[in-house]
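**Student:** the sequence and its predicted three-dimensional model are supplied below.
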Amino acid sequence: MVSLRCKLMVKQELERLGLHYTRIDLGMIEILEDIDEEKKLLLKSNLSSSGLELLDDKKNILIDKIKNVIIEMVHYTDEVPKVNFSDYISEKLSYDYTYLSNLFSEVKGITIQHFIIKHKIERAKELILYDELNLTEISCKLNYSSVAHLSNQFKKVTGQSPSFYKKIGKKRKKNLENL
């Protein structure tokens with residue numbers, strides 16, 4: 001679950017099935033009672049029809065936790081971690097980073113670092129289009145060592161420079177306004 005809408009959908013489904021919960025968080029639900037296999041399958045099926053997935057495999061749960069820590073860190077936290085990302089993830093999840101990294105790569109087919117970069121670039125794209133921060137501020141906000149570092153990664157991932165991306169975004173916005 002990465003959005004408020006996802007949380008609301010899960011909450012509605014739990015209530016529909018008469019399940020009581022104490023917490024619905026990014027990628028995690030704490031249910032008060034034990035649920036039988038029939039209700040579990042029904043919950044899984046209903047969530048699946050909404051595009052959500054119920055994870056009950058320990059590896060997949062851990063992978064989901066890694067993804068949620070990264071998404072929260074990149075998209076929803078304004079404060080840059082004081083430690084590097086590997087230490088931050090390891091501390092948050094109380095696992096050795098090497099284990100997390102190997103598991104993530106094995107299951108997802110990409111490295112944690114590549115996943116972080118993809119999300120940082122997506123966040124940079126949002127911030128560029130919002131047009132509230134300049135590239136220096138964006139690179140600082142996303143914990144890049146320099147604007148050049150951000151620009152190089154941006155171009156590697158998107159095939160465009162940040163300034164070209166911004167220009168295209170403004171043209172699209174202008175074209176939409178003229179409809």
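**Tutor:** Cool, the structure landed.

**Student:** buried ones in stretch 45-63?
**Tutor:** 46-47, 54-55, 62-63 (16 or more other C-beta atoms under 10 Å). (Each C-beta comes from the backbone N, C-alpha and C, glycine too.)

**Student:** from Phe85, how far off is the one residue sitting closest to the centre of the chain?
**Tutor:** In the chain, the C-alpha nearest the mean C-alpha coordinate belongs to Ile71, at 2.7 Å (C-alpha atoms, centre = their mean). Separation of Ile71 from Phe85 (C-beta to C-beta, to the nearest Å) stands at 13 Å.

**Student:** tell me the spacing between the residue nearest to Thr22 when sequence neighbours are not counted and Asn68.
**Tutor:** Nearest residue to Thr22 in three dimensions, chain neighbours excluded: Glu30, at 4.6 Å (C-beta to C-beta, 6 or more residues apart in numbering). Using C-beta to C-beta, Glu30 is found at 15 Å from Asn68.

**Student:** widest-spaced pair of the buried residues of stretch 45-63?
**Tutor:** Spatially, the most separated pair among the buried residues of stretch 45-63 is Asn46 and Leu62, at 24.1 Å (C-beta to C-beta).

**Student:** thinking again about what came up before, for Glu30 and Asn68, indicate the residue with more neighbours.
**Tutor:** Asn68 (18 against 10; other C-beta atoms under 10 Å).

**Student:** please, which helix or strand holds the more buried one?
**Tutor:** Assigning secondary structure by DSSP states H and E places Asn68 in helix 58-71.

**Student:** from the contact counts, what lies against the helix or strand that comes right after that helix?
**Tutor:** Per DSSP H and E, the first helix or strand lying C-terminal to helix 58-71 is helix 85-93. With contacts defined as 3 or more C-beta pairs under 8 Å, 6 or more residues apart in numbering; DSSP states H and E, helix 85-93 has these neighbours: helix 58-71, helix 97-108, helix 112-130.

**Student:** so which of the ones you listed is nearest Leu41?
**Tutor:** helix 58-71 (16.6 Å).

**Student:** any idea of the mean pLDDT in that closest one?
**Tutor:** Per-residue pLDDT values across helix 58-71 average out to 88.

**Student:** report the angle between it and helix 97-108.
**Tutor:** On the basis of axes from the mean of the first three to the mean of the last three C-alpha atoms, to 10 degrees, helix 58-71 is oriented at 110 degrees to helix 97-108.

**Student:** can you show me the CA trace of helix 58-71 as CSV?
**Tutor:** The C-alpha trace of helix 58-71 is given here as CSV (Å, rounded to 0.1, in the frame of the first residue of the first chain):
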residue,chain,number,x,y,z
LYS,A,58,7.9,-14.1,4.6
LYS,A,59,10.2,-13.3,1.7
ASN,A,60,7.6,-11.3,-0.1
ILE,A,61,6.6,-9.5,3.1
LEU,A,62,10.2,-8.5,3.7
ILE,A,63,10.6,-7.3,0.0
ASP,A,64,7.4,-5.3,0.4
LYS,A,65,8.8,-3.7,3.6
ILE,A,66,12.0,-2.8,1.8
LYS,A,67,10.0,-1.2,-1.0
ASN,A,68,7.9,0.7,1.5
VAL,A,69,10.9,2.1,3.4
ILE,A,70,12.4,3.3,0.1
ILE,A,71,9.1,4.8,-1.1
